[in-house]
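> coords below, sequence missing:
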């Protein structure tokens, strides 16, 4: 991939955004043989501290990240994922700051409608 892209999965509460993110990441890993890295907010421990879990019960391992998306968090994510094909974020509050991740890789964001209005 020459240029990166950001795909946003948006909707209201209980719209199964996390489930769609999990399914998308699993398909990319299994069928496209992509190296996928998944992040979730550290304070989102409703179902698991180490996984994204949808309300339908499907899950995917994820690394915790700070709730507030700062420039330092973005820089760390970029450095940590130089060899990663796809970076995915669940429950993003500040989607506009994640636009910097669009650098030669695919990025997926699951966020509520209101959070995307700032992008």
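Received, thanks. No experiment lies behind these values; they were computed from the predicted model shown. Numbers count the residues shown, from 1 in each chain.

> how many neighbours does the closest residue to residue 54 other than its chain neighbours have?
Nearest residue to residue 54, sequence neighbours excluded (CB to CB, 6 or more residues apart in numbering): residue 19, at 3.4 Å. (C-beta placed from N, C-alpha, C; glycine too.) Neighbours of residue 19 under the rule other CB atoms under 10 Å: 20.

> is it true that residue 19 lies in a strand?
No: read with DSSP: H, G, I helix; E, B strand; the rest coil, residue 19 is helix and lies in no strand.

> can I assume it is in contact with residue 53?
No: at 9.1 Å, residue 19 and residue 53 do not qualify as touching, with contact defined as CB atoms under 8 Å.

> per-residue pLDDT, the residue nearest to residue 54?
pLDDT, residue 19: 94.

> contacting residues around it?
For residue 19, the contact set (CB atoms under 8 Å, 6 or more residues apart in numbering) comprises 54, 55, 56, 58.

> if you rank those residues by neighbours, which is first?
Neighbour max across these (other CB under 10 Å) = residue 54, 19 neighbours.

> show me where this protein has strands.
For the chain, applying DSSP state E gives strands covering 5-11, 36-41, 51-53, 59-61, 63-65, 86-89, 106-112.

> quick check: which of the ones you listed is buried the most?
strand 86-89 (a mean of 25; mean count of other CB atoms under 10 Å).

> which regions of this protein lie under the pLDDT threshold?
Applying pLDDT under 70 to the chain flags the ranges 1-3, 93-105, 113-119.

> what is the residue nearest to the spatial centre of it paired to in the beta sheet?
Central residue of the chain (CA atoms, centre = their mean): residue 89, 1.4 Å from the mean position. Residues in a beta bridge with residue 89, per DSSP bridges, are residue 39, residue 109.
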